[in-house]
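Asks: Build me a model:
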Amino acid sequence: MAGPILVFDSGVGGLSVVQALRRRLPEAALVYACDNAMLPYGHRGDAWLVQRIRVVCEAAVAASGCSALVVACNTASTLALDVLRECLSIPVVGTVPAIKPAARMSLTRHIGLLATSATVSRPYTLQLIEDFAADCRVTRVAADILVTEAERLVVGEPPDQATLRQALSPLWDDPELDTVVLGCTHFPLLGPWLVDAAPHQVAWVDSGDAIARRVAQVVPALAPRQGDEPSLVTARDVRLGRGLATFGFAAPRLLQLV
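Replies: This next block holds a predicted model:
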């Protein structure tokens, strides 16, 4: 029997992937899981994170009865995809910065990568740039503060526009930059505010649609969506529950970790 698609992130960033999944697979049942007790992941050690991600994802898979796991987090994907694929018997779809499509789109051959400090400096990211954007100038900008702004947005607080402008400012040193990769799943949630904070028009590229296409390819049978869907958290947060409700999820249940 087909189960739902489980979307996992450290916080609310995976909700941008939920939006993409619902555009492409509107009838598919989803479950959302976030490790909000340990947010943010970007400031924690790699070995600790791999073990933590494995424990949380194994518990969430067991609790949800899902048919596939979407790791909607760049940090978790670059660290733990291989481990998760070894220990789980279901398809595991990861997230990587959309550098390849951005390089294809750019007319000026100057693109920006807006991500967390953990993502912009990882060897995995540098290899993506070498493989798919070697003929481009790539301006890498660490913007961890945008994770906080996205988390605030989901619980009902508008983003601070001055903070967004400051975070984006290193991108605008060269007016020829024409494409920006949103290399953290939190960032697309801020889309309209990012557009307003940019001094000129650029193309904003994220991984959501590519993830949704991949899920459609690897999950042969999809459980049908029925009303508000389950959500799982590792720490109780009333405001987060209200935020998840705006994305179609029921009040979160506390995930029991072994």
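
Asks: host element of Gly227?
Replies: For Gly227, there is no helix or strand it lies in under DSSP states H and E.

Asks: Give me the pLDDT for it.
Replies: On the pLDDT scale, Gly227 is placed at 85.

Asks: Against Val31, how distant is it?
Replies: As judged by Cβ to Cβ, to the nearest Å, Gly227 and Val31 stand 13 Å apart. Yep, even glycine has a C-beta here, placed from its N, CA and C like the rest.

Asks: quick one, which of these two is more surrounded?
Replies: Taking other Cβ atoms under 10 Å, Gly227 and Val31 do not tie; Val31 has more neighbours (24 against 7).

Asks: what about the more buried one, which SS state?
Replies: strand (DSSP: H, G, I helix; E, B strand; the rest coil).

Asks: Might you report the residue contacts of it?
Replies: Pro4, Ile5, Leu6, Val7, Ala60, Ser64, Cys66, Glu229, Pro230, Ser231, Leu232 (Cβ atoms under 8 Å, 6 or more residues apart in numbering).

Asks: Which residue is the nearest non-sequential neighbour of it?
Replies: Ser64 (4.3 Å; Cβ to Cβ, 6 or more residues apart in numbering).

Asks: cool, and Arg137?
Replies: Per Cβ to Cβ, 6+ apart, closest to Arg137 is His110, 4.5 Å.

Asks: Kindly report the same for Leu164.
Replies: Ala197 (4.3 Å).

Asks: got the contact list for that neighbour?
Replies: Per Cβ under 8 Å, 6+ apart, neighbours of Ala197: Gln161, Leu164, Arg165, Leu168.

Asks: Which strands and helices lie in contact with the helix or strand hosting Arg242?
Replies: Using DSSP H and E, Arg242 sits in helix 238-245. Helix 238-245 sits against helix 145-154, strand 231-233, with contacts defined as 3 or more Cβ pairs under 8 Å, 6 or more residues apart in numbering; DSSP states H and E.

Asks: buried stuff in it?
Replies: Leu240, Gly241, Gly243, Leu244 (16 or more other Cβ atoms under 10 Å).

Asks: same check, this time on stretch 190-199
Replies: Buried, per 16+ other Cβ under 10 Å, within stretch 190-199: Leu190, Trp193, Leu194, Ala197.

Asks: re earlier: and for the helix or strand just after the helix holding Arg242, what's in contact with it?
Replies: Counting by DSSP H and E, the next helix or strand C-terminal to helix 238-245 is strand 253-254. Residues outside strand 253-254 that contact it (Cβ under 8 Å, 6+ apart): Ala63, Pro230, Ser231, Leu232, Val233, Thr234, Ala235, Arg236.
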